[in-house]
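Trainee: Got a sequence here, can you build the structure:
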Amino acid sequence: MQEANTSSVLGDFNDAEFAKDGVRTRFFQRDGKFWISTDGPDGKPADYLVKYTFGVEPLQQYLLELDRGRLQAFTIAWDTQRKRWFDLYPNEHVASKGEPHWTRRSQNWNSTCAECHSTGLEKNYDATTGIYRTTWKQIDVGCQACHGPAGGHLAWARAGERARPAPAHGFDFDIAANDSSAQIETCSRCHSQSASIWGGYRHGKPLMDTHRPALLDAPWYFADGQADGDVYEYGSFLQSKMHAKGLRCSDCHEPHSLRTRGEDNALCTSCHNDGAPVVRAGIDTSGLKHKNYDSPQHHFHKQGWAGSQCIDCHAPPHASMAIDLRHDHSFRIPRPDLSAKLGTPNACNVCHDKQSSQWAADAVVKWYGPDRRHEHTYGETLWAGRTRQPGAAAALAQLAQSTQAPVIVRATALELLRNYPGQQALDVFRSQLFTPSPLVRSAAVRGLEVLPVEQRAALIAPLLSDPVRAIRLDAVQSLAALPADSMGAWQRLMAADVGEFESAQLQNAEQPSSWMNLGNLHASLGNAAQAESDYRAAIRLDSKFIPAYVSLADLDSRSGQNAAAITLLQTALETVPGNAVVQHALGLALTREQRYDEAVEQLGEAAKSDPTNARYACAYGVALHDAGKQEQSIAVLRQSLEKNPGDRDLLTTLAAYSKASGDTAAAAGYTSRLREIEGR
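Mentor: As a prediction, this is how the structure comes out:
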């Protein structure tokens, strides 16, 4: 990040133009400054001053200032290699009132970009006025962004102690320690797809004290854990054997020059060679095969051409921000034989994009023979869990408890296991509550939400004193509905953690999701008035934030105000026409009022709006059945089952309805499929 001037601005501002979706954007200079003329928040054209540049290569964005202290990242960027303007969202029609228009929340620098692109940042958002007064110690990434406060280091250096050893050279923690965890956790603050949960980041502390990383879920990852979006390396690297063996970021990347520590294959072959690996202490080299990997005998491509580089096959690139190629850091063995089954990419077809995955799989068999590595992968288990394949529950349970699997994989397996409620899943969740990994502990807490809150208490209450903040917040959410006088010895700690949860949400008070989280907490605590206030605050921040409407409507219904809930949901549907979530909620609310014809219509609209959602189809099928339209009901349920062949609710409902209609053979078939999926 730099101030915009003739030295920092790389784009063409000589009356250059760019047109998309009927909007004409002009880049020009006036009074020695750089301006962009484009559509603003109201959709009308206006001139906006470029305050800062963002990035250098392969693209540069520009930050424009709006009211209330907001800096926004403009979504037409400059390609520094091809010297052209381009749209970061080329396949989307971006309207001024919707995401990801440059004026909207997703493009806000203060809350979305600033933490990782400046040093010593203070967001300083005032929830009362909606104004940002954001400050920084350094405009871009400086030394203390990674090393932490330097007061102790300066004192050590000024005292003439440089020739003598000192713990971490006076810093609070040693980012170069042989134990890789401190450095990786520090880098992951910015190099992870994560949500910020606390503003007071402290160097050397666990990542999940202040951030909650994404698991291997859609839309960020494919079913096998390959990157499917901007995941910023951390989640991918956690999956790698290199991470498991103790490598850290700076073993391959020189953090000050931003270059790798070797060119071409020299970086990889410093370890993966036919001689002795060159590694630092702390890296486990047991099991490292000695072989000449930098040869056509291994990669079967012409030396120096595409396919001969280690990263071509083991860290294939994917495009970020349309043109920025980033390498997948899971460093996996290509498995084109699994692409057709799992619907996942493979490195071979990144280059050979005109060929099929079977063609690539056949080439692998020809090169490496029948004894090649093609064992079962955790990706197959995660895919089975996502798509509800037979045996998925048992496989997920085993994977979640495997101490050999990467922790992010285990946590993802636990998350998927929530779709298979039963004693097996509960036993697994219990077994992982106190595992060393915060990622796994967090997923285990969430998994136990299927239990009545009274049964959760004895299991989860000890985690109210967990050393990692994210786990404490999970425990609060899980136990909030428990009456305070039944908490026993945990009551005082619960009260403190509730305060911490509220503070955590207010750290991101500009986000409607934070107010919804507060609303959910206060609703669970029995404070309906405060919960309503929170939900309405979320809607004021974003009139299209549907989860807040649905939560508020649910609150109204539970308090006996179902008519108010219906009115609210109808308002939401006027705001966001055709929204399946609202249609489904409205259908259920109408059912509670015994307005069955209207309810069936709305539930049907929800199923039509989102035909892949089994829950909506199931609710529609049940409504049809209750309305006496049994044949139509079963047809709807069967049609949805074709898209969701392993859905538990669809199979259970079809089994019951088939049996009731006298079709015992069909009922037995659905029951048998259900048992296969649940591993019974």
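
Trainee: Return the list of strands paired to the top strand by length along the chain, each annotated with direction.
Mentor: Across the chain, the longest stretch assigned as strand under DSSP state E is strand 45-54. If you go by DSSP bridges, strand 45-54 pairs up with strand 2-3 (antiparallel), strand 33-39 (antiparallel), strand 59-65 (antiparallel).

Trainee: how about low-confidence regions in this structure?
Mentor: 161-165, 680 (pLDDT under 70).

Trainee: now the strand or helix carrying residue 442, how far from the chain's geometric center?
Mentor: Residue 442 is part of helix 438-447 when elements are defined by DSSP states H and E. Chain-centre distance of helix 438-447: 16 Å, with Cα atoms, centre = their mean, to the nearest Å.

Trainee: Next, the distance between the ends of stretch 228-240.
Mentor: 16 Å (Cα to Cα, to the nearest Å).

Trainee: what comes up buried for that stretch?
Mentor: For stretch 228-240, a neighbour-count test (16 or more other Cβ atoms under 10 Å) marks 228, 231, 232, 233, 234, 235, 236, 237, 238, 239, 240 as buried. All C-beta spots, glycine's among them, are computed from the backbone N, C-alpha and C.

Trainee: cool, stretch 61-80 as well?
Mentor: 61-64, 69-80.

Trainee: Now tabulate the strands paired with strand 45-54 in CSV and tack on distance to residue 630.
Mentor: Converted to CSV, the strands paired with strand 45-54 look like this (distance: least, Cβ to Cβ, whole Å):
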stretch, distance to residue 630
strand 2-3, 68
strand 33-39, 52
strand 59-65, 57
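
Trainee: Quick one, which of the ones you listed gets closest to residue 392.
Mentor: strand 59-65 (40.8 Å; Cβ to Cβ).

Trainee: which residues are contacting the closest one?
Mentor: Outside strand 59-65, the residues that touch it by Cβ atoms under 8 Å, 6 or more residues apart in numbering are 1, 4, 9-11, 34, 36, 48-55, 71-75, 77-80, 86, 102, 109, 321-324.

Trainee: so how far is the longest strand of the chain from its chain's centroid?
Mentor: Relative to its parent chain, strand 45-54 has a centroid offset of 30 Å by Cα atoms, centre = their mean.

Trainee: Could you pull up the residues touching the most centrally placed residue in the chain?
Mentor: Central residue of the chain (Cα atoms, centre = their mean): residue 214, 3.6 Å from the mean position. Listed by Cβ under 8 Å, 6+ apart, the contact set of residue 214 reads 192, 193, 194, 195, 220, 221, 231, 235.

Trainee: Quick one, which of those residues are buried?
Mentor: Here, 16+ other Cβ under 10 Å leaves 192, 193, 194, 220, 221, 231, 235 buried among these.

Trainee: Which one of the residues you listed is nearest to residue 474?
Mentor: Taking Cβ to Cβ as the measure, residue 474 lies nearest residue 194 of those, at 15.1 Å.

Trainee: Surely the closest one is in contact with residue 213?
Mentor: Yes: Residue 194 lies in contact with residue 213 (Cβ atoms under 8 Å); the separation is 4.3 Å.

Trainee: Can you tell me, leaving aside adjacent residues, what's nearest to residue 597?
Mentor: Of all residues not flanking residue 597 in the chain, residue 627 sits nearest, at 7.9 Å (Cβ to Cβ, 6 or more residues apart in numbering).

Trainee: re the thing from before, tell me which two of the buried residues of stretch 61-80 sit farthest apart.
Mentor: 69 and 79 (29.9 Å).

Trainee: Now the longest strand of the chain: buried residues?
Mentor: Quick answer for strand 45-54 (16+ other Cβ under 10 Å): 48, 50, 51, 52, 53, 54.

Trainee: what's the domain layout of this protein?
Mentor: In terms of domains, the chain is parsed into 2-141, 181-291+309-333, 521-610, 631-680 (source: automatic domain parsing).

Trainee: The first one: end-to-end distance?
Mentor: Across its full length, domain 2-141 reaches 11 Å between end residues, using Cα to Cα.

Trainee: now the third one
Mentor: Start-to-end span of domain 521-610 (Cα to Cα) is 29 Å.

Trainee: Please state the offset of that domain from the chain centre?
Mentor: That offset, for domain 521-610, works out to 26 Å (Cα atoms, centre = their mean).

Trainee: Surely residue 147 touches residue 153?
Mentor: Yes: counting by Cβ under 8 Å, residue 147 touches residue 153, with 7.4 Å between them.

Trainee: quick one on the thing from earlier: tell me the one of the contacts of residue 214 nearest residue 608?
Mentor: Nearest member of those to residue 608, counting by Cβ to Cβ, is residue 220, at 28.0 Å.

Trainee: Count residues in the vicinity of residue 572, would you?
Mentor: 26 (other Cβ atoms under 10 Å).

Trainee: and the next element down the chain from the helix or strand hosting it?
Mentor: Element membership of residue 572, judged by DSSP H and E, is helix 562-575. Heading C-terminal from helix 562-575, the first helix or strand you meet, by DSSP H and E, is helix 580-592.
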